[in-house]
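K.L.:
I'd like to go over a predicted model; first the sequence, then the structure.
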Number of protein chains: 2
Amino acid sequence: MPRLRVALAQTNPVVGDLAGNAAQLLAAARDAHAAGADLLVSGEMALSGYPIEDLASRPSFLTAARSAVETLAAELDAAGLGSLAVIVGHPDGPFEPRALGGSNAPTAIAQNCASVLQHGRVVARYAKHHLPNYSVFDEYRVFIPGDELLVVRIGGVDAAIIVCEDLWRDGGPVGRVLESDAGLLLVLNASPFERDKDEVRLPLVTRRATETDTVVAYVNIVGGQDDLVFDGDSVVVDGAGRILARAPQFAEHLLLVDVEAEEAGDHPAPAGVSRVELDRAPAGDKPPLSPAVAELPDDREQLWNALVTGLRDYVEKNRFRSVVLGLSGGIDSAVCAAIAVDALGADRVHGVSMPSKYSSDHSRSDADLLAAATGIHYSTEAIAELVAPVETQLALDGVAAENLQARIRGVILMGLSNMHGHLVLTTGNKTELAVGYSTIYGDSVGGFAPIKDVPKLLVWELARWRNAHAEARGETPPIPVGSIEKPPSAELRPDQTDQDSLPPYEVLDEILEHYISELLGKDDIVALGFDREIVEFVTGLVDRAEWKRRQGAIGPKISAIAFGRDRRLPITYRPTDL
Amino acid sequence: MPRLRVALAQTNPVVGDLAGNAAQLLAAARDAHAAGADLLVSGEMALSGYPIEDLASRPSFLTAARSAVETLAAELDAAGLGSLAVIVGHPDGPFEPRALGGSNAPTAIAQNCASVLQHGRVVARYAKHHLPNYSVFDEYRVFIPGDELLVVRIGGVDAAIIVCEDLWRDGGPVGRVLESDAGLLLVLNASPFERDKDEVRLPLVTRRATETDTVVAYVNIVGGQDDLVFDGDSVVVDGAGRILARAPQFAEHLLLVDVEAEEAGDHPAPAGVSRVELDRAPAGDKPPLSPAVAELPDDREQLWNALVTGLRDYVEKNRFRSVVLGLSGGIDSAVCAAIAVDALGADRVHGVSMPSKYSSDHSRSDADLLAAATGIHYSTEAIAELVAPVETQLALDGVAAENLQARIRGVILMGLSNMHGHLVLTTGNKTELAVGYSTIYGDSVGGFAPIKDVPKLLVWELARWRNAHAEARGETPPIPVGSIEKPPSAELRPDQTDQDSLPPYEVLDEILEHYISELLGKDDIVALGFDREIVEFVTGLVDRAEWKRRQGAIGPKISAIAFGRDRRLPITYRPTDL
């Protein structure tokens, strides 16, 4: 069987930065060429970043993207890399507008494409067939689907090219891959990280490889983009289902692999398949590659890396120099600070202790310990003297006075942000946001929420994991034991703890998972064995939290890492018996 | 030709409030029956409200909705209205899950339906074919499309039933209406208000009536829901394109009309059409109806009514008792206060003047005049003594000190909201939000933004219109002339005006419309005759505003009235040469 050397470019693009993303691909092509590769494949939309949302509706952006593809082809050739076949993902257009609905509806003018570049030219182009429009995906809003499979013939092998969702659907282009007798299947992806996603993604790739009897080269982008994190984890699987090579998660990487694939026959291309002949440089004398199969770390480490990557790329891609966050001595702000240090280094992280008259001594000392253990910049801004004049002038008491403390802290963090250019991190976790234990314009202030999608129990687990991870490497554990072990409290009134007003987090987090993520009704949850009174109480909190959000007592939507499963709800609705 | 009396129920549903919405429909049915109607038709999803977003994915909600349809049928019968044929819009399910994508994708379990009720039973059901997924619509995310047309035969007439987007698409169910030889076409809609929408909607209805040679009864819901406003404007047009009846905009209404329609033939129902026979009560001796054709007010009044409706329903449907807003003496807060008074009455509106050391005398006096002219509750909270301690402790200056003033005002409004239960209104206009002239957690604080989608020039136009409207009716104009005529200023430093740093609003608003709403690139805008330097400056402000929003200098997304055309953009992207 013919042998090809295939390179997978697992790059970290920035949405809209066509020149910067092209430079990443050019660098990957240099390395691939130097390593004797015949083919280089990028992730989905690696040239534009993903998702581009409604940039796909801007003709000038599409024109710029198409021109960037042509420029990349020319630059590859000029750099002496013309013989390398490069398959690059990008949006293409503007095409003849296609109405998305009736006469008054907007139109789609773009396609989600993979272009084949060789010898300075764009040789062929494939347009994605299946446009996902669920969960975090909105492609059906802005793209026109393609309807023809592309096969490139190189070095005696037919390689079919598809994009992401095309692989997940039965039938469609995957069906034609089998008919086309291809030996290699190249898949460009922008597949976001979810917990346990490797439990569905790798089995799918393996199944498609065996079904189509091809070597599947699955290339994913990597890095954070707004509230998504792409994990890379690019992989090559042969027709017998064996993993030939696998790239590490959450890192830019060029994965090189030698594949043996079925020799192409001389039959004509079947209907619905476009076939293009590519050139191939003389194979020369290549020493064989040693197989590189990265191992996946365990669940906790994967999750930690996702959180670190999401924060780092939000900061870097938006060109912030530094971040600032309030340190309460509690577990949430401690974990956020540790994530920030891993993402940016201690010198770019600024912690502020903002004690009130209700702050306990251990709160202050735990914040001090965290700052000392991590080496971040650290300052104290007491709030009592700032709160008092407002409380007195407006005659605030009760919850209004409690919230005032949180809001003055928000004013302090934003003042420091404006003076020094820090991005403010807000430290709420998923459980607290779901039940409405948060003050809008108070502790919800910030541009990025590192643990917004992490339930409380998992925050503790991650804290313990991170400390153990440090100990195993002989490093100082970043998170003070006191922050992990003491009962959680908002400290907005004397001797307050979360468990004064909430069920144990073991019960709370499970009910929230059923109610919010799995969309179960109250009766369904009770049927799983939970106490009806607690179920009514918790679901009532969630429904009231929705109402408080409308009143202004819970934060507005902010950018954060989403692990994918929660769905959008209307703001105004009255819960019936859900 | 047979004659039928048709009633159109233009109701104002609340999303999720199945019992309340059913009560509205039952009341409409009573009136329709008393007026001798044969048929009553509701708007789209009148039983559940629209849009229900991902409530459509919650099995318990769908079960509750289906049960509400059955209950409504029984209640109609029990109330002696069983002979009236009632066609009601609602979500239906849960159905066998249909995957929205590949193996890991969520599933749809709901349909967007119209059910036919008579004599206590659900006689037939139609499922919407075309699921819009552009602009403000997201139906393709959550619904399963239907594939069969429904025709009900009543009083010798065949009436076809379709839902909203089905009417806008060529082919599809509209094509089968012609084949089915129906004499009447009943269309259930949830069609949001946009500026000049009547210029496309009525011509469409007229064209479909003449194309299909039917009488088209077009029923729309009315009222505000989150950031949408439905305008009603239900209409009946005959096969010659004549308007037989039209309901008023922005008001609940029962529109009654006698229609003469083609007699049904005895041919079988064509393929893809389900036909059901309905009963009809003896016609009796009905005095003929006088035609009711409401007139559309002019553009400014329509827009004002939309803004008033949007705010009123946001407040009422979320059960707030009152609203509070800062009164700066400027045009934006004055217009917001006038909208609030029209929506809720002066007694539910609380204005707060929050002067700083930079506030001019005319600012205070214009705020006083507004409060006096409208009769709202009014108080003053000077901010100097609250700002100083924070400014000193944190050593803030420059923009950080300017923003601090706005943020202390936000703290004051939220304190009053927490103490008294007011919803805070934020008063920014579309122009200022687009160019980033707003302080996050400062003047952007609030749960609802009445004029977020109104460009600055239009704010002035609306102010003048509202005052003239009052004068024409012998009422006191609400908006002080000084607020309209003085140069706009943020008053965050001495002698500041908007035009120190912005081009004239006449130029600015036009460029913004081209750049943001029409998605034109810079070169395209220059080609329209604008100065290149100004175009670069303004588009640069918009791009930087996006960046400032990421840093926290511009407000997060809040609920507001959207007139529909702007599109979603990623948060992190680097503008290339758009």
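P.N.:
Noted; the coordinates are in hand.
K.L.:
okay, CA-based contacts and neighbour counts for the rest of this
P.N.:
Noted.
K.L.:
which parts of the stretch 201-350 of chain A are helices?
P.N.:
A:299-317, A:331-344 (DSSP state H, counting those that start in this stretch).
K.L.:
would you mind finding the most buried of those helices?
P.N.:
For these, the largest average neighbour count (mean count of other Cα atoms under 10 Å in any protein chain shown) is found in helix A:331-344, namely a mean of 25.
K.L.:
looking at the helices of the stretch 201-350 of chain A, which is nearest to chain B?
P.N.:
Smallest distance to chain B across these (Cα to the nearest Cα): 7.0 Å, for helix A:299-317.
K.L.:
check which helices and strands that closest one is in contact with.
P.N.:
Judged by 3 or more Cα pairs under 8 Å, 6 or more residues apart in numbering or on different chains; DSSP states H and E, helix A:299-317 is in contact with strand A:222-225, strand A:228-231, helix A:331-344, helix A:456-472.
K.L.:
for the helices of the stretch 201-350 of chain A, give me CSV that also has mean pLDDT.
P.N.:
As requested, the helices of the stretch 201-350 of chain A are exported to CSV (pLDDT from 0 to 100):
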stretch, mean pLDDT
helix A:299-317, 91
helix A:331-344, 97
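K.L.:
quick one: low-confidence residue ranges for chain A.
P.N.:
Along chain A, segments meeting pLDDT under 70 span A:546-578.
K.L.:
how is it partitioned into domains?
P.N.:
A:3-97+A:106-282, A:300-498 (the TED database).
K.L.:
among these, which comes closest to residue B:28?
P.N.:
domain A:3-97+A:106-282 (35.2 Å; Cα to Cα).
K.L.:
check whether the closest one comes near chain B.
P.N.:
Yes - counting by Cα under 8 Å from any Cα of the partner chain, chain B is contacted by domain A:3-97+A:106-282 at A:14-18, A:51-55, A:57-61, A:64, A:106, A:132-135, A:140-141, A:165, A:167-170, A:200, A:225-226.
K.L.:
mind putting the domains of chain A in CSV, distance to residue A:506 included?
P.N.:
CSV is the format used below for the domains of chain A (distance: least, Cα to Cα, whole Å):
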stretch, distance to residue A:506
domain A:3-97+A:106-282, 19
domain A:300-498, 7
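K.L.:
ok, residue A:343 touching residue A:309?
P.N.:
Yes - at 6.7 Å, residue A:343 counts as touching residue A:309 under the criterion of Cα atoms under 8 Å.
K.L.:
name the residues that touch stretch A:191-207?
P.N.:
A:164, A:168, A:216, A:218, A:220-221, A:228-231, A:237-239, A:241-242, A:299, A:303, A:306, A:563-564, B:104 (Cα atoms under 8 Å, 6 or more residues apart in numbering or on different chains).
K.L.:
buried subset of these as a PyMOL selection?
P.N.:
Buried residues among these (16 or more other Cα atoms under 10 Å in any protein chain shown), as a PyMOL selection:
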select buried, chain A and resi 164+168+216+218+220+221+228+229+230+231+237+238+239+241+303+306+563+564
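K.L.:
my read: residue A:238 touches residue A:209, true?
P.N.:
Yes - in this structure, residue A:238 is within contact of residue A:209 by Cα under 8 Å, at 6.1 Å.
K.L.:
what does the stretch 351-500 of chain A put close to chain B?
P.N.:
So the stretch 351-500 of chain A meets chain B at A:385-386, A:389-390, A:394, A:396-397, A:399-401, A:403-404, A:407-408, A:411-412, A:414-416, A:418-419, A:421-424, A:441, A:445-447 (Cα under 8 Å from any Cα).
K.L.:
inside helices: which ones of these?
P.N.:
Within these, residues falling in helices by DSSP state H are A:385-386, A:389-390, A:394, A:399-401, A:403-404, A:407-408, A:411-412, A:414-416, A:418-419.
K.L.:
coming back round to it: make a markdown table out of the helices and strands packed on helix A:299-317 and add distance to residue B:337.
P.N.:
Formatted as a markdown table, these follow (distance: least, Cα to Cα, whole Å):
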| stretch | distance to residue B:337 |
| --- | --- |
| strand A:222-225 | 39 |
| strand A:228-231 | 40 |
| helix A:331-344 | 40 |
| helix A:456-472 | 42 |
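K.L.:
the helix or strand containing residue A:351 to helix A:398-420, inter-axis angle?
P.N.:
Assigned by DSSP states H and E, residue A:351 falls within strand A:349-353. Angle of strand A:349-353 versus helix A:398-420, following axes from the mean of the first three to the mean of the last three Cα atoms, to 10 degrees, is 140 degrees.
K.L.:
could you pull out the buried residues of strand A:349-353?
P.N.:
Buried residues in strand A:349-353 (16+ other Cα under 10 Å): A:349, A:350, A:351, A:352, A:353.
K.L.:
check stretch A:481-490 too.
P.N.:
A:481, A:482, A:483, A:484, A:488, A:489, A:490.
K.L.:
ok, residues contacting it?
P.N.:
A:329-331, A:334, A:362, A:366, A:460, A:463-464, A:496-499.
K.L.:
among the residues you listed, the buried ones, what's the PyMOL command?
P.N.:
If you want just the buried ones from these in PyMOL, going by 16+ other Cα under 10 Å, the selection is:
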select buried, chain A and resi 329+330+331+334+366+460+463+464+497+498
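K.L.:
possible to save the contacts of stretch A:481-490 as a markdown table with distance to residue A:26?
P.N.:
Converted to a markdown table, the contacts of stretch A:481-490 look like this (distance: Cα to Cα, whole Å):
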| residue | distance to residue A:26 |
| --- | --- |
| A:329 | 47 |
| A:330 | 46 |
| A:331 | 44 |
| A:334 | 40 |
| A:362 | 53 |
| A:366 | 48 |
| A:460 | 43 |
| A:463 | 40 |
| A:464 | 41 |
| A:496 | 57 |
| A:497 | 55 |
| A:498 | 53 |
| A:499 | 56 |
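K.L.:
ok, which pair from the contacts of stretch A:481-490 is furthest apart?
P.N.:
Between any two of the contacts of stretch A:481-490 (Cα to Cα), the greatest distance is 24.4 Å, for A:464 and A:496.
K.L.:
what secondary structure does the residue lying closest to residue A:497 once chain neighbours are set aside sit in?
P.N.:
Nearest non-adjacent residue to residue A:497, counting by Cα to Cα, 6 or more residues apart in numbering or on different chains: residue A:489, 4.2 Å away. On the three-state scheme (DSSP: H, G, I helix; E, B strand; the rest coil), residue A:489 is labelled coil.
K.L.:
tell me the contacts of the spatially most central residue of chain A?
P.N.:
In chain A, the residue lying closest to the centroid (Cα atoms, centre = their mean) is residue A:229, at 1.2 Å. Neighbouring residues of residue A:229 by Cα under 8 Å, 6+ apart: A:192, A:193, A:222, A:223, A:306, A:309, A:310, A:561.
K.L.:
hmm, residue A:249 and the fourth one touching each other?
P.N.:
No - taking contacts as Cα under 8 Å, residue A:223 lies outside contact range of residue A:249: 9.5 Å.
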